[in-house]
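> model the following, please.
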Amino acid sequence: MVRAVDVSYKLLQLASERGLQLSNLQLQKLLYIAHGYLLAWKNKPMFDDDISAWKYGPVIHGVYEQFREYGASKIPVGEIESGIDDAEVLQALEGTLNLYGDRDAMDLVNLTHQPNTPWYQIYEVQDGKRDQFARIPNDMIKDHYRKVISSPDSVAGL
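Numbers count the residues shown, from 1 in each chain. From the prediction side, this is the model:
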């Protein structure tokens, strides 16, 4: 399996090719969304890392640490060699960029904070806000994104 930080470098590269620059917060949300779609679509995780419910939504701690020095600024992208070549992963990343790549960080946060989303269930309902590393289980993410794919009008948020 792949580390989320490696996938994040691929996502940054793909975004850069489209003329987009991402902040750490945008990167976190886009990785989470792509991961959710891949879980629902192919029943496979995009990476091994856990996703935690933090104040501003789902966060992959290793990715946060890798890019935290940039704060709310855009992450500079130079020559990147991520090693990610799985066609399904690439398709999920590109599809996510097509749908959500132009959204600002707070818009993406708002999408993940809707009632009944996995983040909301862990952070608000199960009081995960008391634990910075309250894990959002992949099964919960997969089930939610299956609803997003099969019945989008019945689901608010990602």
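> what ranges in the chain fall below the confidence cut-off?
1 (pLDDT under 70).
> show me the helices in it, by range?
Applying DSSP state H to the chain gives helices spanning 4-17, 24-42, 61-67, 87-100, 105-112, 118-120, 138-150.
> most distant residue from the centre of this protein?
Computed with C-alpha atoms, centre = their mean, the residue of the chain farthest from its C-alpha average is Glu79, at 22.4 Å.
> measure that one to Tyr9 for me?
Per C-beta to C-beta, to the nearest Å, Glu79 is found 11 Å from Tyr9. Placement of C-beta: from N, CA and C, glycine included.
> do Ile75 as well
10 Å.
> returning to what we had before: could the helices of the chain go into CSV alongside distance to Ala53 and mean neighbour count?
Shown next, in CSV, are the helices of the chain (distance: least, C-beta to C-beta, whole Å; neighbours: other C-beta atoms under 10 Å):
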stretch, distance to Ala53, mean neighbour count
helix 4-17, 16, 21
helix 24-42, 11, 24
helix 61-67, 12, 18
helix 87-100, 19, 17
helix 105-112, 9, 18
helix 118-120, 5, 25
helix 138-150, 10, 17
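> now distance to Gly128 too, for these, in CSV please.
What follows is the helices of the chain, written out as CSV (distance: least, C-beta to C-beta, whole Å):
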stretch, distance to Gly128
helix 4-17, 19
helix 24-42, 15
helix 61-67, 14
helix 87-100, 23
helix 105-112, 13
helix 118-120, 9
helix 138-150, 12
